[in-house]
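Undergrad: the sequence isn't on hand, but the structure is:
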DNA sequence: ACAACAATGTCGACGTCGTCAACATCGAGT
DNA sequence: ACTCGATGTTGACGACGTCGACATTGTTGT
């Protein structure tokens, strides 16, 4: 009897998304350095040069991946934020959401912060960053209007809290800090941030 | 083997250091991704496999590079710290030193925080990290004893301030924040950290 | 003094990778 | 129905990391 080789259709149909999905899995499992276009092509059951049709080069794929990351992060933050909460609680919840994302998307987050982009892809990136930072800045600004937060350039204040979060996240991602205990420490951390290190 | 009239000595004499120096220069000029053992060998005037005699593989070279980074950072911090200064000023000076290092050793710093090491090289790394973090933790602990800083696990407090610094540094390195203005903002940043975001 | 030996460097090979150009196949719109 | 753009394939090229076999050197024990 004649064995038909399992022939896939000549066109994959949804290669671009498949590549991005595979890339993210590899990123999560084996790190950013172990990401190979040819390997992704193999996993997708497609020839080694096929990815070139969807991404001009490897960097382009990484950029696209970073963009999806910003989408997911923004969504996580937006859905975690609850304007009805009192300030400290509201910040705690937001911080926990960010940290949680950072912890199980560590490598992806690094990608998002890496600035290897030509100025063309830069615009989308910058917009994505602004959108993400915006959700934090809104909280700060509104609290400031209500006098719950010290006066000063809201951008500076956002920078401080954002930096602290990013730092903790990077510690956790680097293994310098146990992820679970990092999440547990969030409440105390936000409290310290709000009330300062000096005794009152 | 036929001797060329003006051939270099068969042995380089100080290849290991030369490779590390070259690697750091490449790191600074062209980024971590553009680092090639063969290229380094070429620059050192040596055959493509010679680096293998000094570094088991590429990762081993990167680890060694990270270790020198910890040395330089530790030295910068130690020489910047002045126990005679009042707390806020002392922290400001320390923070500025860290940020300055981070700004013109951005790629190297990333290497230092990347945990790609097998457990063998990990020990030296961990020790180096502890030594670096220690200089900050000492400041915190001593201020705490004098009652200048709120009570609590000094390790937590160190984590908070360290994370904030690391976050700012990573923003500056990522181009998300102008390095010069980051340095300028240090004073305000330390003040906010000490006094908190809430009005007193 | 000198022979063994370890350290260091060279050479050639292998497999993998990213990228390109030339060609093949498909599907959408005229 | 035909064309044409989008998508996939094939083969090639040069660069890379790593390995094993070999060459050259400095050192060390006798």
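TA: Now that the structure is in, tell me what you want to look at. Predicted model, so just to flag it, every value in this text is computed and none were measured.
Undergrad: what about residue A:149, helix or strand, and which?
TA: Following DSSP states H and E, one finds residue A:149 outside all helices and strands.
Undergrad: how near is it to residue A:87?
TA: 7 Å (CB to CB, to the nearest Å). Every C-beta, even on glycine, is put in place using the N, C-alpha and C of the backbone.
Undergrad: ok, the two, which is more surrounded?
TA: residue A:149 (22 against 18; other CB atoms under 10 Å in any protein chain shown).
Undergrad: shouldn't that one be in contact with residue B:200?
TA: No - using CB atoms under 8 Å, residue A:149 is not in contact with residue B:200; the gap is 11.8 Å.
Undergrad: quick check: phi and psi at residue A:44.
TA: phi -80, psi 0 (degrees, to the nearest 10).
Undergrad: how about the contacts made by the nearest residue in space to residue A:198 that is not next to it in sequence?
TA: In space, residue A:198 comes closest to residue B:194 once its chain neighbours are excluded; the distance is 4.9 Å by CB to CB, 6 or more residues apart in numbering or on different chains. Contact analysis of residue B:194 by CB atoms under 8 Å, 6 or more residues apart in numbering or on different chains lists A:196-198, B:87-88, B:91.
Undergrad: most neighbours, which of those residues?
TA: residue B:91 leads the contacts of residue B:194 on contacts (other CB under 10 Å) with 26 neighbours.
Undergrad: and that residue, how far from residue A:158?
TA: From residue B:91 across to residue A:158, the span is 21 Å (CB to CB).
Undergrad: pull out the buried residues from the top helix by length along chain A.
TA: Using DSSP state H, we find that the single longest helix of chain A is helix A:119-145. Under the neighbour-count criterion of 16 or more other CB atoms under 10 Å in any protein chain shown, helix A:119-145 has A:121, A:125, A:128-129, A:132-133, A:135-137, A:139-140, A:143-144 buried.
Undergrad: quick one, the helix or strand following that helix and helix B:154-173 angle?
TA: Where DSSP H and E defines the elements, the next helix or strand beyond helix A:119-145 is helix A:154-173. With axes from the mean of the first three to the mean of the last three CA atoms, to 10 degrees defining the directions, helix A:154-173 sits at 110 degrees from helix B:154-173.
Undergrad: now for the lowest-mean-pLDDT helix or strand in chain A, which elements pack on it?
TA: Sorted by mean pLDDT, DSSP states H and E, the helices and strands of chain A end with helix A:119-145, the least confident at a mean of 87. With contacts defined as 3 or more CB pairs under 8 Å, 6 or more residues apart in numbering or on different chains; DSSP states H and E, the packing partners of helix A:119-145 are helix A:58-80, helix A:87-103, helix A:154-173.
Undergrad: how about the longest one: buried residues?
TA: Think helix A:58-80. Under the neighbour-count criterion of 16+ other CB under 10 Å, helix A:58-80 has A:58, A:60-70, A:73-74, A:76-77, A:80 buried.
Undergrad: same check on the last one?
TA: Burial within helix A:154-173, assessed by neighbour count using 16+ other CB under 10 Å, is assigned to A:154, A:157-173.
Undergrad: moving C-terminal of it, what's the next helix or strand?
TA: Where DSSP H and E defines the elements, the next helix or strand beyond helix A:154-173 is helix A:179-195.
Undergrad: sorry, back to before: so which of the buried residues of helix A:119-145 comes closest to chain B?
TA: residue A:129 (6.7 Å; CB to the nearest CB).
Undergrad: give me the below-cutoff pLDDT ranges for chain A.
TA: A:1-8, A:10, A:116-120 (pLDDT under 70).
Undergrad: distance check, residue A:190 against residue B:56.
TA: 44 Å.
Undergrad: looking at the two, which one has more neighbours?
TA: residue A:190 (24 against 12).
Undergrad: how many neighbours does the closest residue to that one other than its chain neighbours have?
TA: Leaving aside its sequence neighbours, residue A:190 sits nearest to residue A:92 (CB to CB, 6+ apart; 4.6 Å). Using other CB under 10 Å, residue A:92 has 20 neighbouring residues.
Undergrad: does residue A:92 really touch residue A:188, like I thought?
TA: No - here residue A:92 lies out of contact with residue A:188, judged by CB under 8 Å, at a distance of 9.7 Å.
Undergrad: OK, contacts around residue A:32?
TA: A:107, A:110-111.
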